[in-house]
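> with the input below, show me the fold.
(chains A and B)
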Amino acid sequence: MTPGDPAQPLRRVDRAGIVIAMLLAALAAVLVWDARDLQSTAMYGMGPEAMPVLVATGLALLAIGNFIDALRGNLPARESADPVPVILILIGLALLIAIIGFGGGFILATSALFVTTSAAFGRRAVLVDSIIAIVMSTLIYLAFDRLLTLSLPTGPLERML
Amino acid sequence: MMDTFAALAHGMAVAIQPMNLLYALIGVFLGTAVGVLPGIGPALTVALLLPVTYKLDPGGSLIMFAGIYYGGMYGGSTTAILINTPGESASMATALEGNKMAKAGRGGPALATSAIGSFVAGTIATIGLAFLAPWLVDFAVRFGPEDYFALMCVAFVTVSATFGDSPIRGLTSLFVGLTLGLVGIDKLTGQARLAFGIPELLDGVEVTTLAVGLFAVGEALYVASRRHHTEEKLEPVRGSLWMTKEDWKRSWKPWLRGTMFGFPIGALPAGGAEIPTFLSYSTEKRLTKHPEEFGKGAIEGVAGPEAANNASAAGTLVPLLTLGLPTSATAAMMLAGFQQYGLNPGPLLFAERPDLVWGLIASLFIANCMLLVLNLPLVGLWVRLLAIPQPWLYAGILVFATMGTIAAKPSVVELSMLAGFGVLGFLMRRFDFPIAPVVVGLILGPIAESQLRRALAISLGDPMALVQSPISATLLALALIALLAPFVLKGLGRFKANED
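Sure thing, here's the model as predicted:
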């Protein structure tokens, strides 16, 4: 974050920063591509395509700004990150979405997420966590279903209640 | 002046109905319980608890919101003091001295001065809100669409560029939010934008999905990725909970000074409580009679910033209620709460639903009193919540976070968006992009667009209309200054650094 000291040798180009800049540029392109199909029906003033183009222009400028920052290595220092827990949680979220999508119900879906997240944070007692998760999500289900009368997705377990 | 008193009295009458008192109590309790969980700030607390209010009428739900809002703030400072993990940057100053106090066995007085300071600041600032709001409303009814557009430009710039670490990264966040705001059917022409043929996207991106994804899922992923770096340590609350006479003597002036910093800065559409809290911290550090204690647990360093934090939170309600302008992530979530009932805060709401607005303001007073009475005796319960093992805590947070989306829209697309925003939030934390501007961009982007289009339609397409109104010309000039100031100042800083 400190302004560059000219006496210092050139800092390394930040590759992640370059990727971010490219993603922003791609997003700008998508906006313009999407706005192409919009018909301006407004007699005066701006149509629906004007704002996307405006935002795309901003994104393109920011892509350049981020690109320059990355080239100069101006990004704040990052600590090392452990990808394994992140992937575990994402697997949990994918399981949740799949179970809901295939009609497995709320209890099974949230239990799967609970157990994978707990494992991502270093717990290895999968069986104990599964029991805790199922009890907890059943209670949440009952509270939502009976007290708040909000309907949550039902599956085989919910139908038994 | 008399009108304000009458309106406030009317609001009080609404707020003290037994059901509404119960809603306020539930709100305060839930808000504190969720806010106290490490890594959960007030904005996320409000986002997570939004589904709980789905089935209530708008009045009761907004009253519960007032409780959740203040409860979440109070819970956050408890976490900051006891385990030194401020859920948001506004609690950082509190964590600085408060955690040192807890380590020295003075956790009780630290919690007490923060609770009483929050009460004092919250009460004064809510009075400020009650008197400032009608005046601002009178002013705001004269705003044309071009003035609103200009006002939003000011908010965009101040929230993202002026007060962040890096204007480029802040603006990047804002534009990601503006992009998300474009998704869905264009209200004026009925054409779909950025929907890519997916029917669920036609309604646009849900604010709660975005906020919960960015804040809760993103935070869980981020904490999981760097679990090997930090060990959180919970400081037990030892000794007396009460403040000594000396503590009181050293606290009351910082409370008042913190309020004086917090409320005006919060009420400006400048966004964020970071500035007033740090201003208050450095002021107390300068004025204290015990400079040797600073950095080792000085009570002034907790009392001042905590008051500033709470006062600025009440301050952000001024632009939110009178202009519909959210200037912090928490205010953005409050606006989402209004919008779920089709209510748009602004001058019109004051005229059309005075019972609602003034009931909310009166509830802020009540929530404040409840917090003072509830929190110190219940501190043992909050501490136990803090002691939940991390795996279960984050697993529970994720279940709770997805539950809101599952209850509102149990579709694969919506849940995938939640997960996607989670990944986005993780990457933004990792690469140090601020998160609040995304949420503000999503909420304000569409409003700004419709005001701009309305202004240009009225002027028959002449863009000069934007600068012909004196109000909008002034505001646009302010926005431009606020946009360029950080770059200019940075350039000056570099210039100076080179000279040394």
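
> what count of nearby residues applies to B:Leu489?
Using other CB atoms under 10 Å in any protein chain shown, B:Leu489 has 11 neighbouring residues. Bear in mind the C-beta positions are built from the backbone N, C-alpha and C, glycine included.

> close to chain A, is stretch B:391-402?
Yes - judged by CB under 8 Å from any CB of the partner chain, stretch B:391-402 comes into contact with chain A at B:Pro391, B:Trp392, B:Tyr394, B:Ala395, B:Gly396, B:Leu398, B:Val399, B:Thr402.

> among those residues, which lie within helices?
Those of the residues of stretch B:391-402 next to chain A mapping onto helices are B:Pro391, B:Trp392, B:Tyr394, B:Ala395, B:Gly396, B:Leu398, B:Val399, B:Thr402, per DSSP state H.

> relative to B:Gly337, which of those residues is nearest.
Checking these against B:Gly337 with CB to CB, the nearest one is B:Thr402 at 19.6 Å.

> do you know how far that closest one is from B:Gly31?
Distance, B:Thr402 to B:Gly31, using CB to CB, to the nearest Å: 20 Å.

> what residue in chain B comes nearest to chain A?
Closest residue of chain B to chain A, CB to the nearest CB: B:Leu456 (3.2 Å).

> give me the element that residue is part of.
Element membership for B:Leu456, per DSSP states H and E: helix B:436-458.

> buried set for that helix?
Buried residues in helix B:436-458, counted by 16 or more other CB atoms under 10 Å in any protein chain shown: B:436-457.

> same check, this time on stretch B:5-15
For stretch B:5-15, by 16+ other CB under 10 Å, it's B:Ala7, B:Leu8, B:Gly11, B:Met12, B:Val14, B:Ala15.

> can you narrow those to ones near chain A?
Within the buried residues of stretch B:5-15, nothing lies near chain A by CB under 8 Å from any CB.

> so which of those residues are in strands?
Among the buried residues of stretch B:5-15, no member falls in strands (DSSP state E).

> one step back: quick check: the two most widely separated of the residues of stretch B:391-402 next to chain A?
B:Pro391 and B:Thr402 (16.8 Å).

> ok, now which ones touch the residue nearest to the spatial centre of chain A?
In chain A, the residue lying closest to the centroid (CA atoms, centre = their mean) is A:Leu90, at 9.7 Å. Residues counted as contacts of A:Leu90 (CB atoms under 8 Å, 6 or more residues apart in numbering or on different chains) are B:Leu221, B:Ala419, B:Val423.

> how about whichever strand or helix holds it: buried residues?
Under the criterion of DSSP H and E, A:Leu90 resides in helix A:83-101. Residues of helix A:83-101 classed as buried by neighbour count (16+ other CB under 10 Å): A:85-86, A:88-97, A:99-101.

> off-centre distance for that helix?
12 Å (CA atoms, centre = their mean, to the nearest Å).

> do a quick rundown of the helices in chain A.
Using DSSP H, helices in chain A cover A:15-35, A:50-71, A:83-101, A:106-120, A:126-142, A:156-160.

> I'd like to know which elements the second one is packed against.
The helices and strands touching helix A:50-71, judged by 3 or more CB pairs under 8 Å, 6 or more residues apart in numbering or on different chains; DSSP states H and E, are helix A:15-35, helix B:167-182, helix B:436-458.

> likewise the fifth one?
Helix A:126-142 is packed against helix A:106-120, helix B:390-408, with contacts defined by 3+ CB pairs under 8 Å, 6+ apart.

> and the ones you listed, which is most packed in?
helix A:106-120 (a mean of 26; mean count of other CB atoms under 10 Å in any protein chain shown).
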